[in-house]
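>>> below are the sequence and a predicted model for it; my questions follow.
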Protein chains: 2
Amino acid sequence: MDLSFEDLRKELKNKNLRLSHQRLKVLEFLTNNRIHPTVDQIYRGLHKDIPTLSKTTVYNTLNALVDAGIVKPITIEDNEARYDIATQDHGHFKCEVCGNIYDFDINISAFNPSDLDDFKIKDRDVYFRGICPNCKK
Amino acid sequence: MDLSFEDLRKELKNKNLRLSHQRLKVLEFLTNNRIHPTVDQIYRGLHKDIPTLSKTTVYNTLNALVDAGIVKPITIEDNEARYDIATQDHGHFKCEVCGNIYDFDINISAFNPSDLDDFKIKDRDVYFRGICPNCKK
DNA sequence: AATTAACTTGTAATGATTACAAGATAGTAA
DNA sequence: TTACTATCTTGTAATCATTACAAGTTAATT
């Protein structure tokens, strides 16, 4: 469900969020750098283009986009949050050697454990850990 | 794979870890309080019994037990880590209203996504979020 | 009982994240 | 276009979880 620019505008409008320069740049960065970046990586990546950018703005922006459902936080055992544009279901694999996070296809919405029959499930995350092909060599 | 006291002793011995009073108490707390407690919850829970206990010790102990594979950290979107004794595979559900974390049965080791054929998978975690039966009312 | 590596503890340091207040800007409406 | 106002951005200061470190203590081995 990749969002077009117009979808995006509507989405933000609905939540009384403005389409500021900084927000567009953060979204652009997330779109072009599918590495599940940390706040610091986003900040450093954008600082070249927007020298006045503040790290607080990156935090604010990400929180706003997460609230709007446009961005998803990845919390996979680091003490530093990572961010991903919200796309269709996929799992995340973290290599314990190089630290890279890889996406993999998995049909998460098919999981409906009977233990959770009476629960309202809004979100399903699958996190794997181990060693990636590169680091196995 | 619940560990007996003797298993535990051996496990620790293997890693050159001592069976100190504080460590036993932390393990006892985790065994008796299956609420995936935070460091602070563990600290406050044990402080009554061990008034000299230091929070640093709780951190050190948990890190040692995690390294030894006896305890597993739960990182489910809070910025505060939670801990669980390592038992057989199960998923975690976090209620976004009350914040409680529930266990549920799920056969995680059955998931072998083809995308990860060349990866060495060491650990699989499943985190769901939503609203628990109590808070749905 | 002596020895020593490993442990505990308190304090200080670190690092990510948020609070806050003042100035800037996007979008609306005339 | 212009004016208006709520929202956003920014820098600094505060907060909170976690780790570093050093000095004293203890578990386990001899």
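Structure's in. What do you need?
>>> the nearest residue to A:Ala86 once chain neighbours are set aside - how many residues pack around it?
Among residues not flanking A:Ala86 along the chain, A:Lys72 sits closest, at 4.7 Å (Cβ to Cβ, 6 or more residues apart in numbering or on different chains). For every residue, glycine as well, the C-beta is placed using N, CA and C. By other Cβ atoms under 10 Å in any protein chain shown, 17 other residues sit near A:Lys72.
>>> quick one: residues contacting A:Lys72.
A:Lys72 sits next to A:66, A:83-86 when contact means Cβ atoms under 8 Å, 6 or more residues apart in numbering or on different chains.
>>> which among the residues you listed end up buried?
Buried members of the contacts of A:Lys72, scored by 16 or more other Cβ atoms under 10 Å in any protein chain shown, are A:83-86.
>>> where strands are concerned, which of those count?
Among the buried ones among the contacts of A:Lys72, the ones falling in strands (DSSP state E) are A:83-85.
>>> which of these lies closest to A:Cys95?
Distance to A:Cys95, by Cβ to Cβ, is smallest for A:Asp84 among these, at 16.5 Å.
>>> dump the residue contacts of A:Phe104.
Per Cβ under 8 Å, 6+ apart, neighbours of A:Phe104: A:90-93, A:128, B:113, B:115-116.
>>> centre of the chain to stretch A:15-25, how far?
Relative to its parent chain, stretch A:15-25 has a centroid offset of 17 Å by Cα atoms, centre = their mean, to the nearest Å.
>>> next one: stretch A:89-97
13 Å.
>>> what of stretch A:36-46?
Per Cα atoms, centre = their mean, the centroid offset for stretch A:36-46 relative to its chain is 12 Å.
>>> what's the answer for stretch A:92-101, then?
When distances are taken as Cα atoms, centre = their mean, stretch A:92-101 is centred 15 Å away from the chain's centroid.
>>> buried residues in it, which are they?
Within stretch A:92-101, the residues scored as buried using 16+ other Cβ under 10 Å are A:92-95, A:101.
>>> now do the helices in chain A.
Secondary structure of chain A, counting by DSSP state H: helices at A:5-14, A:21-32, A:39-47, A:55-67, A:133-136.
>>> and those helices as a markdown table, adding mean pLDDT and distance to A:Glu77?
Converted to a markdown table, those look like this (pLDDT from 0 to 100; distance: least, Cβ to Cβ, whole Å):
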| stretch | mean pLDDT | distance to A:Glu77 |
| --- | --- | --- |
| helix A:5-14 | 76 | 30 |
| helix A:21-32 | 94 | 21 |
| helix A:39-47 | 96 | 17 |
| helix A:55-67 | 96 | 19 |
| helix A:133-136 | 94 | 17 |
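>>> as a markdown table, those with distance to chain B would be great.
Shown next, in a markdown table, are these (distance: least, Cβ to the nearest Cβ, whole Å):
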| stretch | distance to chain B |
| --- | --- |
| helix A:5-14 | 20 |
| helix A:21-32 | 18 |
| helix A:39-47 | 12 |
| helix A:55-67 | 10 |
| helix A:133-136 | 4 |
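>>> turn those into CSV, columns for distance to B:Cys132.
What follows is the helices of chain A, written out as CSV (distance: least, Cβ to Cβ, whole Å):
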stretch, distance to B:Cys132
helix A:5-14, 28
helix A:21-32, 31
helix A:39-47, 30
helix A:55-67, 22
helix A:133-136, 39
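>>> so what are the domain limits for chain A?
A:5-85, A:91-136 (automatic domain parsing).
>>> for DNA strand C, find the nearest of those domains.
domain A:5-85 (3.4 Å; Cβ to the nearest atom of the strand).
>>> is the closest one anywhere near DNA strand C?
Yes. If you take Cβ under 7 Å from any atom of the strand as the test, domain A:5-85 does meet DNA strand C, through A:13, A:18-21, A:38-40, A:55-56, A:59, A:63, A:79-81.
>>> which pair in these spans the largest distance?
The widest separation within these (Cβ to Cβ) is 34.6 Å, between A:Lys13 and A:Asn79.
>>> who's the residue nearest to the spatial centre of chain A bridged to?
By Cα atoms, centre = their mean, chain A has its centre lying nearest to A:Asp84, at 1.6 Å. On the basis of DSSP bridges, A:Asp84 is bridged to A:Lys72.
>>> list the contacts for it?
Shown in contact with A:Asp84 (Cβ under 8 Å, 6+ apart): A:30, A:34, A:36, A:71-74.
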